[in-house]
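[1] Starting from these lines, generate the structure:
(chains A and B)
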Amino acid sequence: MRAGNVVLLLAILSRSAAADQPIMDEVPRWQDGYGVQVFIEHRWSDNLMSGSTELDNPAGLHENKQLTHLEAVYTFEPWLRITGKLPYVRQWRRRANPGGGTSTERNDGFDDLTLALPIRRYTNGWGYSGHFGIVPQIRLPVGEDSGDYPISDGTTDYGFSATFERETTVYIITAGATYWWEQDRCAEETGSIDIGLGWNFNDCGSFRWETELERQRGGEKWLATGPTLFWNFNDVVMARIEYKHAIDERVADIGFTRGNTLRVGVGVVF
Amino acid sequence: MRMPIMLNILFAVATLSVTQAAESATDPLSDEKKLVKERLTEKPDTVILAVDGMCCRTCALGIGKKACKLEFVDTAALPPTGVHIDRVNSLLTVSVKKGEVVNLASLAEAIRKAGYNPVRFYQLVEGKKLTVETIAATENK
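    Model (predicted):
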């Protein structure tokens, strides 16, 4: 099988991080369950591109983002829950000045608040469980949108995801697709698809390989893949660490690619 | 003299094997019942339910969170929630307080509220006879 076909296959079967919901996309499945989780995400890139062409970067220009995702969930019934996600962003970049030389820009602040309503149809049988789901979402403009290096685009956006999961005592398959309708004329509408293939290796842990493809209407693309480890410490505390390595990227004009991503999170559920 | 004894033993072994095979063929739950009886004999103050979909312990945490609120569930005997999830065999063990009677309807409802479908309820009567009660699928919808 050609490498391109493998990438295409991974992309088709991919599971969207955009479709991920607290807590760790796993719990609470029970009526009146609730929880909170914190994820620290680090993205970094010194890969300067024009479209899909890599540019020389002798000045060492780069962009870094550190996001602290504060997320919460309440489950009304096993089929219906509500979630909220509020990221706090620290971003900095070294850029070339129009007159020559380089300078560092930075900005800290909250990004927009995303509210979602995951609706799931669960199927249970002997030795397996799974769901089909839909997730209407809205992104409210509460974020920092001032200055030359804003965090938020300052508009209300609308999203929709479709999700699928099938799990046995041994394996897990997850897939999802998400689309965001951007209200800011300068922002590009975004679509993404994801897949996760995993292994429940004991009562507490699972290992997955997740792949995500994100595309913007303007031509920006991010295809990344990597491992995820989930661990359930007890009936309340669980943690997840995931790494995504960018394997195919493209930017709309000239700029940094999104780069690699490392996410470490801990959640509690009641 | 030895030959008839050997034949008798062979006949007995063959009969036992055929009987067990016939039991397995007629009762697809024979392995589950055997396992359940072993566990209930070992821990008489428990009952066991077969639960569809309970293949991931993390996702099924809610069963314990719901069950521990029931009067008859003994959380001290099986901490912290009074239940044990065997995801491999889809069996849920529930610890019962001494002298209390299991309210199957409320236990089944607790499992459903956690997002799963209870299908069979097992308990030992007088410490040795295994009884099984099928939980209607329609109640799980």
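
[2] Now for the residue nearest to A:Ala162 when sequence neighbours are not counted, how many residues are close by?
    Distances taken as C-beta to C-beta, 6 or more residues apart in numbering or on different chains place A:Ala177 nearest to A:Ala162, at 5.2 Å, with adjacent residues excluded. No exception for glycine: its C-beta is placed from N, CA and C like everyone else's. For A:Ala177, the neighbour count with other C-beta atoms under 10 Å in any protein chain shown is 19.

[3] Let's verify A:Ala177: helix, strand, or coil?
    strand (DSSP: H, G, I helix; E, B strand; the rest coil).

[4] do the same with A:Glu165
    strand.

[5] and the nearest residue to it once chain neighbours are set aside, what are its bridge partners?
    Of all residues not flanking A:Glu165 in the chain, A:Thr174 sits nearest, at 4.7 Å (C-beta to C-beta, 6+ apart). Counting by DSSP bridges, A:Thr174 is bridged to A:Glu165, A:Gly196.

[6] Name all residues that make contact with A:Thr174.
    A:15, A:25, A:163-166, A:194-196, A:198, A:208 (C-beta atoms under 8 Å, 6 or more residues apart in numbering or on different chains).

[7] Which pLDDT value belongs to it?
    Note on A:Thr174: pLDDT of 96.

[8] so what's the residue of the stretch 101-250 of chain A found nearest chain B up against?
    Nearest residue of the stretch 101-250 of chain A to chain B, counting by C-beta to the nearest C-beta: A:Asn124, 2.7 Å away. Shown in contact with A:Asn124 (C-beta under 8 Å, 6+ apart): B:52-54, B:115-117.

[9] Any chance of those in CSV with neighbour count and distance to chain A as columns?
    Shown next, in CSV, are the contacts of A:Asn124 (neighbours: other C-beta atoms under 10 Å in any protein chain shown; distance: C-beta to the nearest C-beta, whole Å):
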residue, neighbour count, distance to chain A
B:Asp52, 22, 4
B:Gly53, 26, 3
B:Met54, 31, 7
B:Gly115, 28, 4
B:Tyr116, 29, 6
B:Asn117, 23, 5
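
[10] Roughly how far does the residue of the stretch 101-250 of chain A closest to chain B sit from A:Pro118?
    18 Å (C-beta to C-beta, to the nearest Å).

[11] For B:Lys65, give me the backbone phi and psi.
    Backbone dihedrals for B:Lys65, given as degrees, to the nearest 10, come out at phi -60, psi -30.

[12] what about B:Leu10, helix or strand, and which?
    Per DSSP states H and E, B:Leu10 falls inside helix B:2-26.

[13] Tabulate the CA atom coordinates of the helix or strand following that helix in PDB.
    Heading C-terminal from helix B:2-26, the first helix or strand you meet, by DSSP H and E, is helix B:30-42. This file holds the C-alpha atoms of helix B:30-42, laid out as PDB (Å, rounded to 0.1, in the frame of the first residue of the first chain):
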ATOM      1  CA  SER B  30     -23.800 -23.100  31.400                       C
ATOM      2  CA  ASP B  31     -20.300 -21.600  31.600                       C
ATOM      3  CA  GLU B  32     -21.700 -18.400  33.000                       C
ATOM      4  CA  LYS B  33     -23.800 -20.200  35.600                       C
ATOM      5  CA  LYS B  34     -20.800 -22.300  36.600                       C
ATOM      6  CA  LEU B  35     -18.700 -19.200  37.200                       C
ATOM      7  CA  VAL B  36     -21.500 -17.400  39.000                       C
ATOM      8  CA  LYS B  37     -22.100 -20.400  41.300                       C
ATOM      9  CA  GLU B  38     -18.400 -20.500  42.200                       C
ATOM     10  CA  ARG B  39     -18.400 -16.800  43.100                       C
ATOM     11  CA  LEU B  40     -21.600 -16.900  45.000                       C
ATOM     12  CA  THR B  41     -20.500 -19.900  47.000                       C
ATOM     13  CA  GLU B  42     -17.300 -18.100  47.800                       C
END
